[in-house]
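Q: Please find the sequence and the predicted model below.
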Amino acid sequence: MPHPKAYLALCTHTHLFPGARCRLQDLPHPEAFAATPEPIDVYLRFSDGTATAAELHPDAPTGPTLTVAAYSTAAGTPVDDSTWTVKGFTPKQAEVELTIGTPART
């Protein structure tokens, strides 16, 4: 179950990878958020229906990052917890599209 204040993000694949995209839903001011992202809790829902918690850290020392909790795909493939750089925030109508960068070194 997502954190009560987490924003849903719909992802286009079953997992994250460089270039993957996820669209943040129901942000109060998507264009302002895309221009100046804020730290938020995120509930990632993947294309196979699985989901996991994540945290967006726009002010990380190396640039924006997305920290993702471990989960299993619908096919049963385990995916370890991870942190990814976020290389783009693009307003798309009432949503903000996150473009995933590379795995962050921790």
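A: Good, I have the coordinates. These figures come from a predicted structure and were not determined experimentally.
Q: Around residue 17, how many other residues sit close by?
A: Residues lying near residue 17 (other C-beta atoms under 10 Å) number 10. All C-beta spots, glycine's among them, are computed from the backbone N, C-alpha and C.
Q: same check, this time on the one 10 residues further on
A: Residue 27 has 18 neighbours, counted by other C-beta under 10 Å.
Q: residues contacting it?
A: 7, 33, 95-96 (C-beta atoms under 8 Å, 6 or more residues apart in numbering).
Q: Of the residues you listed, which is the most crowded?
A: residue 96 (25 neighbours).
Q: Which elements pack onto the helix or strand where that one lies?
A: Residue 96 belongs to strand 95-103 when assigned by DSSP states H and E. Judged by 3 or more C-beta pairs under 8 Å, 6 or more residues apart in numbering; DSSP states H and E, strand 95-103 is in contact with strand 21-24, helix 30-35, strand 82-92.
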